[in-house]
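1. Have a look at this fold, sequence not included:
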């Protein structure tokens, strides 16, 4: 079997683990790491050692493409840089896998869609939540019509004070870099909704505010390592206590000035930390969504209300009490007609990131002849539509107006696609 020769672009946590060390450990018969691109040379060297590779290091993509000519590039750089790298690779005749979100603005979406269409190459967007076993089971139940026609959805995501705060320490805390968490984090959730409902969002309205981090903080310092408030700050991060992060970021910060333990109370942080959204879909499903970033729990609540019943899930990822290592989906029928009125469907947690979702996504992308019966493999249209949801939500929260997706990108909203989630080719 011929291996796909890939180049890894960006060596942060996700690139070094998910698309570096872990990919080679489990899919070495399908892939060969031919180059690593990282503008911070020391971080690149340390990431290469962690990955366990002797692939050559480059500080820019053009030199790498000219010398290595890979079959595939995997993009793990900050969100606002994705479009330049994706377009450059496509124009070189190379397929792309990009971390989510695909990009951060309407203009950047257009660049990527145009380049993919013009070159005939393929872009995969890393929507690994679609592959989580519980998400796949819910999709099967919806496809089977177990609750009839879906009329509304309640979807609420909770980030705890460890995970949620981390976005405010890093480059994500600025809209110009991440598009806000409406784009960076919620792109996962909007994509799940689009995929579950098999429809496009049509109108979006939102409220959002910065209520805990940034200028709302009681004090601030230059960074955790140098802060005089370490003993009184609930969000203090001891970088030295995490050898992986310390090695990947602390010494390399002397080169690029990027600190992994930035103060979560920096006054120039401009993204919200508390967000609520209402969406109306083309198939007339109404959705209530929220994202909270400083909770004592991690996980989400999801419920689909249909003409014949309800599907409900409360998933705990982290919490200050013991939970079983499994999820329980409640299938509640309005009209049992001989079936159970309440059916409890237990889905075990599997090993690997996102309860096994990461592994299943890599199988789908790299193993030949994988059947995609649930349309889990996501392309540029899915990537674009989830980003547009985030852009619309951020715009609505700042203007107080309902935002129509068609007004943001008419050519995508009105392209006649019966299913926004089909992989674009």
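-> Thanks, I have it. Note that the structure is a prediction, hence the values are computed from the model and not measured.

2. Which residue ranges make up the domains of the chain?
-> Using the TED database, the domain ranges for the chain come out as 4-127, 129-213+270-349+378-414, 216-254.

3. Residue 358: which of those is closest?
-> For the domains of the chain, proximity to residue 358 was assessed by Cβ to Cβ; domain 4-127 is nearest, at 6.1 Å. Heads up, the C-betas are built off the backbone N, CA and C, glycines and all.

4. For the stretch 151-300 of the chain, just list every one of the strands.
-> 201-209, 274-281, 286-295, 298-306 (DSSP state E, counting those that start in this stretch).

5. what would these look like in CSV with mean neighbour count, distance to residue 45 and mean pLDDT?
-> Listed next are these as CSV, based on neighbours: other Cβ atoms under 10 Å; distance: least, Cβ to Cβ, whole Å; pLDDT from 0 to 100:
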stretch, mean neighbour count, distance to residue 45, mean pLDDT
strand 201-209, 20, 40, 98
strand 274-281, 20, 38, 98
strand 286-295, 20, 33, 98
strand 298-306, 20, 33, 98
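
6. Mind checking what helix or strand follows the longest helix belonging to the chain in sequence?
-> Longest helix in the chain by number of residues (criterion: DSSP state H): helix 380-399. Per DSSP states H and E, helix 380-399 leads on to strand 403-404 as the next helix or strand towards the C-terminus.

7. helices or strands up against the helix or strand just after that next one?
-> Using DSSP H and E, the helix or strand that follows strand 403-404 in sequence is helix 405-408. Where contact means 3 or more Cβ pairs under 8 Å, 6 or more residues apart in numbering; DSSP states H and E, helix 405-408 is packed against strand 201-209, helix 380-399, helix 410-413.

8. same for the last one, what does it pack against?
-> Spelled out, it's helix 410-413. Under the contact rule (3+ Cβ pairs under 8 Å, 6+ apart), helix 410-413 is packed against helix 380-399, helix 405-408.

9. tell me which residues in the longest one are buried?
-> Along helix 380-399, these residues count as buried under the neighbour rule (16 or more other Cβ atoms under 10 Å): 380-397.

10. what's the distance between it and the middle of its chain?
-> The chain centre lies 14 Å from the centre of helix 380-399; the measure is Cα atoms, centre = their mean, to the nearest Å.

11. Just the angle for that helix relative to strand 201-209, thanks.
-> 40 degrees (axes from the mean of the first three to the mean of the last three Cα atoms, to 10 degrees).

12. Kindly calculate the angle that helix 380-399 makes with strand 274-281.
-> Angle, helix 380-399 to strand 274-281, by the same axes, to 10 degrees: 120 degrees.

13. quick one: average pLDDT of helix 380-399?
-> Helix 380-399 shows a mean pLDDT of 98.

14. Could you do stretch 107-122 as well?
-> 98.

15. contacts for that stretch?
-> Stretch 107-122 has contacts (Cβ atoms under 8 Å, 6 or more residues apart in numbering) with 80, 82-83, 86-87, 89-91, 93-96, 102-103, 123, 379-381, 383-384, 387-388, 409, 412, 424-425.

16. The domains of the chain into a markdown table, with extra columns for distance to residue 263?
-> Formatted as a markdown table, the domains of the chain follow (distance: least, Cβ to Cβ, whole Å):
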| stretch | distance to residue 263 |
| --- | --- |
| domain 4-127 | 19 |
| domain 129-213+270-349+378-414 | 8 |
| domain 216-254 | 5 |
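
17. Would you tell me which of those gets closest to residue 359?
-> With Cβ to Cβ as the criterion, residue 359 lies closest to domain 4-127 of those, at 6.8 Å.

18. And the closest one, end to end?
-> Domain 4-127 has its terminal residues 21 Å apart, counting by Cα to Cα, to the nearest Å.

19. And for stretch 167-187?
-> Taking Cα to Cα, stretch 167-187 runs 15 Å from one end to the other.

20. got the angle for the longest helix of the chain vs strand 286-295?
-> Per the same axes, to 10 degrees, the angle that helix 380-399 makes with strand 286-295 is 70 degrees.

21. Use 565 as the first number from now on
-> All right, first residue 565 from here; so that's helix 944-963.

22. Counting neighbours, what do you get for residue 660?
-> Counted by other Cβ atoms under 10 Å, the residues lying close to residue 660 total 27.

23. show me where the stretch 565-714 of the chain has strands.
-> Using DSSP E, counting those that start in this stretch, the strands of the stretch 565-714 of the chain run over 568-573, 595-601, 621-622, 636-639, 659-662, 687-689, 714-724.

24. Low-confidence ranges, this protein, go.
-> In the predicted model, the chain carries pLDDT under 70 at residues 565, 980-989.

25. Go again with 90.
-> Applying pLDDT under 90 to the chain picks out residues 565-566, 887-889, 915-918, 933, 976-989.

26. Relative to its centre, which residue of it is most distant?
-> residue 902 (40.8 Å; Cα atoms, centre = their mean).

27. For residue 573, find the nearest of the helices and strands packed on helix 974-977.
-> Short answer: helix 944-963, nearest of those by Cβ to Cβ, at 16.6 Å.
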